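Asker: Make a model of this:
(one chain, ligands or ions: 1)
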Amino acid sequence: MKIAIVIYSYTGNTFSIGTKIVRFLQNKNHDAHLIRVNVNDDQPSKTEIQLGEIDSIAPFDKVIFGSPVRAFSLAPAMTKYLQQIESLNGKTVSCFVTKQLPFAWTGGNSALSKMVSLCKEKGAEIDRTGIINWSNKNREQLIEQFIRELAE
Ligand SMILES: Cc1cc2nc3c(=O)[nH]c(=O)nc-3n(C[C@H](O)[C@H](O)[C@H](O)COP(=O)(O)O)c2cc1C
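Answerer: All right, here's what the predicted structure looks like:
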């Protein structure tokens, strides 16, 4: 299966999960590709984000999107990216977010539901979703478990 892992990441946490996902899927003989969302002039609190060149995800059967939570919502760069991309019709999509604060209600749930609804608007069929809390002491196990679920 041809799978794109599309990650927006500012400080690298979400991207590090993307690299683990792509390695895991490639070891399972999937044609998996890691794509990083390009942002010009990125600043953590900026909402007027200018995206760089957008790689086409048309050739992929499945897409996994990953983004950090920003200010109790989805990072503006990922919001803009999902608004700008082509149709996701016929694609299976999984979404995950990373965050620092404990409890899903400190931005995880709202970021994830925004991500899911933007993907549905583009015609995606949603598969797995996940929230990775970076401050959780069992973070590495949570990440491994989520990656195994993604591959099922
Ligand atoms: C400007 C800013 C706002 C943030 N807002 C939240 C938030 O509302 N809730 C939360 O749990 N974490 C928040 N975080 C923490 C990030 O979501 C977390 O560190 C994430 O893993 C960073 O991912 P990245 O390294 O891929 O950019 C915020 C971080 C920044 C820089």
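
Asker: Low-confidence regions, the protein specifically.
Answerer: Residue ranges of the chain with pLDDT under 70: 41-47.

Asker: can you map out the strands along it?
Answerer: The residue ranges that make up the strands of the chain, judged by DSSP state E, are 2-7, 31-36, 39-40, 50-51, 62-70, 73-74, 92-99, 125-133.

Asker: can you give me the offset of the fifth one from its chain's centre?
Answerer: This points to strand 62-70. The gap between where strand 62-70 is centred and where its chain is centred comes out at 1 Å by CA atoms, centre = their mean, to the nearest Å.

Asker: the inter-axis angle of that strand versus strand 125-133?
Answerer: If you take axes from the mean of the first three to the mean of the last three CA atoms, to 10 degrees, strand 62-70 sits at 40 degrees to strand 125-133.

Asker: Packing partners of strand 62-70?
Answerer: With contacts defined as 3 or more CB pairs under 8 Å, 6 or more residues apart in numbering; DSSP states H and E, the secondary structure elements packing on strand 62-70 are strand 2-7, helix 13-27, helix 76-84, strand 92-99, helix 108-121. Where C-beta positions appear, they are placed from N, C-alpha and C, glycine not excepted.

Asker: What residues does the nearest residue to residue 114 once chain neighbours are set aside make contact with?
Answerer: With CB to CB, 6 or more residues apart in numbering as the criterion, residue 114 has its nearest non-adjacent residue at 4.4 Å, and that residue is residue 74. The contact partners of residue 74, taken as CB atoms under 8 Å, 6 or more residues apart in numbering, are 67, 97, 110-112, 114-115.

Asker: Any figure for the gap between residue 74 and residue 112?
Answerer: Summarising the geometry, the distance separating residue 74 from residue 112, computed by CB to CB, to the nearest Å, is 8 Å.

Asker: Can you work out which residues contact both of these two?
Answerer: Listed contacts common to residue 74 and residue 112 are residue 97; contacts here mean CB under 8 Å, 6+ apart.

Asker: Kindly reformat the strands of the chain as CSV containing distance to residue 82.
Answerer: What follows is those, written out as CSV (distance: least, CB to CB, whole Å):
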stretch, distance to residue 82
strand 2-7, 9
strand 31-36, 13
strand 39-40, 14
strand 50-51, 11
strand 62-70, 7
strand 73-74, 8
strand 92-99, 9
strand 125-133, 13
